[in-house]
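In: sequence and predicted model, in that order:
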Amino acid sequence: MNQENSQHFETAAVRIQAEQSPFREHSVPLYLTSSFTFEDAEQARALFADEIPGNIYTRFSNPNTTEFIDKMCALEGTEDGIATASGMAAMFTSMAALLKAGDHVLASRSLFGSTHQILTQIFPRWGIESTYADIGKPETWAALIQPNTKMIFVETPANPGLDLIDLEWLGKLARTHNLILNVDNCFATPYLQQPAKFGAHLVTHSATKFIDGQGRAIGGVILGTKELMKEIRFFSRHTGPSLSPFNAWILSKSLETLAVRMDRHCDNALKLAQYLETHSMVEKVIYPFLPSFPQYQLAKRQMRHGGPMITFIVKGGVERAAGVMNRLLMISRTSNLGDTRTIATHPASTTHSKLSEADRAAVGILPGLIRISVGLEHIDDIIGDIRQALEG
Ligand SMILES: Cc1ncc(COP(=O)(O)O)c(C=O)c1O
C-alpha cells in the first residue's frame, strides 16, 4: 500500500491504493478471483502458516478488500480490520467472535432494529445475555455492569432518535471496568468522529450507508486493535462473512469523496432542520447541531458537523405522518439511508416495526416520527418538497 502516515483525512481517502499491477493502471483494477496461485510448495506452506503475508483465497483476503480496509483504518485511526458482506455481518461478527456462553453485553437501548434482534433473540439461544442502558442516564451505566460483562455496544448518533453518547466518558468507563468498547459509527462516519480516539477498541460500520453514499452496494467493516482483530479474523476466515471484491472496489472508490459528500450532506441537513423548526405543522425537530437539541454541547464537542440525518415529529400522529410520506414528490420513500438522494422513512412501521410499541416509545420512536437522510440535491428543492408534503 502506498501511504504516508501524516496524510490528511481527504488525502488518505484518495491516495491509499493497492499496489500498481505490471499494467501501470492509474485507477485500481478489480481483482475478481476466488484464489491466488503459489509459486511453489514452500510458498504455499509459508502463506498458510502465516509466516509471510499474501493472498491465498478471497474469503480470507483480496487486494480490493485489503485496500478498503487499509483506507478505513487510516480514516478511523485503528490498527487493523476486516471487511464484511453487510453492516449486520459486521455487528454480528464483532460480537460473536469475542463472546461465549455465559458472557454479558451492556448495550445502549437506542440501537438499529437488527442489532436489537441479535442481542435479544439470537444471542440468548447461545447463552449470551445483554442489558440495555438508557443513553439519557449515564449515571446508571456503571451499576448495570456485571462480573460477566465483556463488551459495551453503542451507536452514536443512534438510529433513528439521534441520541448521542459522550464517547470520552464511555471510553473511561470501559477502561475502568476492563470491557471491550464496540461503537457502531455508521451515522457519523470517521469524517465526523473517530471513536477509537476516545478509547473504542472496535469501530463497526454499515458501509452500505454514507461510505458507499450512492445506494449501490451492501457492505460492512470491523476495525480495531490488532489483538482483538486477530480473534475476529480467525472467526471470519472460518465462518465466511467476507465482503466481495466487487463491493470492496466500489466502497473504496466511494471513500475518495466521503469528505466532500459529508460536508454537503451536513450543510443541507442543518438548513433543513432550521427550516423545519419554524414550520407550524412540526411538533419537534431532532438534529444534533440545533441549539434546541438536548445534547447540543456534546454534539459540538464530539462531532465535526451535526450529521446527515434529521428526525422530526409531525403534529397529528401517525395518520398525518403517513399523509406527509405519501405526498412527497421528489424525496424517496425507502428504508435505506446515506444516499445522494434524500430519503424519508417512517421507522415505527418499517425499520423498527419488530420492536414492541413500549420498546419503541422507550427510545423515542413515536408514531408521528419521520426520519430524513438528507441527500445532495439542492437544498431549496429538498425544502420545497417537504413544505408541500407538510402543507398538502
Ligand atoms: C446504525 C446501523 N447499523 C447497522 C445497520 C445494518 O447495516 P446493513 O444494512 O449494511 O446490514 C444499519 C442499517 O440501516 C444501521 O443503520
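Out: That came through fine.
In: C-alpha only now, for contacts and for neighbours.
Out: Fine.
In: show me the contacts for Thr204.
Out: The neighbours of Thr204, taking Cα atoms under 8 Å, 6 or more residues apart in numbering as the test, are 87, 90-91, 94, 182-186, 220-223.
In: pretty sure it sits in a strand.
Out: Yes. Thr204 forms part of a strand when assessed by DSSP: H, G, I helix; E, B strand; the rest coil.
In: need the pLDDT of it.
Out: Predicted confidence (pLDDT) for Thr204: 98.
In: circling back: go through the contacts of Thr204 and flag which are in helices.
Out: Using DSSP state H, the subset of those located in helices is 87, 90-91, 94.
In: those into CSV, with extra columns for neighbour count?
Out: Formatted as CSV, the ones in helices among the contacts of Thr204 follow (neighbours: other Cα atoms under 10 Å):
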residue, neighbour count
Gly87, 25
Ala90, 28
Met91, 25
Ser94, 27
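In: now do the contacts for Ala321.
Out: Ala321 touches 313-315, 346, 367-370, counting by Cα under 8 Å, 6+ apart.
In: residues of the chain that sit close to the ligand?
Out: 86-88, 112, 159, 186, 206, 208, 218-220 (Cα under 6 Å from any ligand atom).
In: most neighbours out of the residues you listed, which is it?
Out: The most crowded member of the residues of the chain next to the ligand, judged by other Cα atoms under 10 Å, is Gly220 (29 neighbours).
In: stretch 375-382 spans what distance, first to last residue?
Out: The first and final residues of stretch 375-382 sit 8 Å from each other (Cα to Cα, to the nearest Å).
In: before we move on, what about stretch 369-381?
Out: Start and end residues of stretch 369-381 are separated by 22 Å (Cα to Cα).
In: give me the buried positions along that stretch.
Out: 369-377, 379 (16 or more other Cα atoms under 10 Å).
In: those residues into a markdown table, with extra columns for secondary structure, pLDDT and distance to Ile286?
Out: Putting the buried residues of stretch 369-381 into a markdown table (DSSP: H, G, I helix; E, B strand; the rest coil; pLDDT from 0 to 100; distance: Cα to Cα, whole Å) gives the following:
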| residue | secondary structure | pLDDT | distance to Ile286 |
| --- | --- | --- | --- |
| Leu369 | strand | 94 | 10 |
| Ile370 | strand | 96 | 10 |
| Arg371 | strand | 95 | 10 |
| Ile372 | strand | 98 | 11 |
| Ser373 | strand | 98 | 13 |
| Val374 | coil | 98 | 13 |
| Gly375 | coil | 98 | 17 |
| Leu376 | coil | 98 | 20 |
| Glu377 | coil | 98 | 21 |
| Ile379 | helix | 98 | 18 |
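In: ok, Phe38 - contacts?
Out: Counted by Cα under 8 Å, 6+ apart, Phe38 has contacts Ala44.
In: check Ile180 too.
Out: Residues near Ile180 by Cα under 8 Å, 6+ apart: 150-152, 174, 200-202.
In: looking at these, which are in helices?
Out: Using DSSP H, Ala174 are the members of those that sit in helices.
In: now the contacts of Ile180 in CSV, with distance to Lys253 and neighbour count?
Out: Shown next, in CSV, are those (distance: Cα to Cα, whole Å; neighbours: other Cα atoms under 10 Å):
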residue, distance to Lys253, neighbour count
Lys150, 36, 22
Met151, 33, 23
Ile152, 32, 25
Ala174, 34, 21
Ala200, 26, 27
His201, 26, 26
Leu202, 23, 25
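In: next one: the closest residue to Arg341 other than its chain neighbours from Tyr191, what distance?
Out: Nearest non-adjacent residue to Arg341, counting by Cα to Cα, 6 or more residues apart in numbering: Gly375, 4.6 Å away. Going from Gly375 to Tyr191 by Cα to Cα gives 17 Å.
In: likewise Ile122?
Out: For Ile122 relative to Tyr191 (Cα to Cα), the value is 32 Å.
In: and those two? Which one has more around it.
Out: Tyr191 (19 against 15).
In: what about the residue lying closest to that one once chain neighbours are set aside, neighbour count?
Out: Take Tyr191 and drop its neighbours on the chain: the residue closest to it by Cα to Cα, 6+ apart is Ala259, 6.3 Å away. The tally of other residues near Ala259 (other Cα under 10 Å) stands at 17.
In: go on, the one 5 residues further on?
Out: Other residues near Arg264 number 18, with proximity taken as other Cα under 10 Å.
In: the closest residue to the ligand within the stretch 1-150 of the chain: what's it in contact with?
Out: Residue of the stretch 1-150 of the chain nearest the ligand, by Cα to the nearest ligand atom: Gly87 (3.4 Å). Going by Cα under 8 Å, 6+ apart, Gly87 touches 204-208, 218-221.
In: can you check Pro367 too?
Out: Pro367 makes contact with 317-318, 321, 348, according to Cα under 8 Å, 6+ apart.
In: Throw these into JSON lines and include secondary structure and pLDDT, thanks.
Out: Compiled in JSON lines, the contacts of Pro367 are given as follows (DSSP: H, G, I helix; E, B strand; the rest coil; pLDDT from 0 to 100):
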{"residue": "Gly317", "secondary structure": "helix", "pLDDT": "85"}
{"residue": "Val318", "secondary structure": "helix", "pLDDT": "86"}
{"residue": "Ala321", "secondary structure": "helix", "pLDDT": "93"}
{"residue": "Ala348", "secondary structure": "helix", "pLDDT": "83"}
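In: of the residues you listed, closest to the ligand?
Out: Nearest member of those to the ligand, counting by Cα to the nearest ligand atom, is Ala348, at 13.9 Å.
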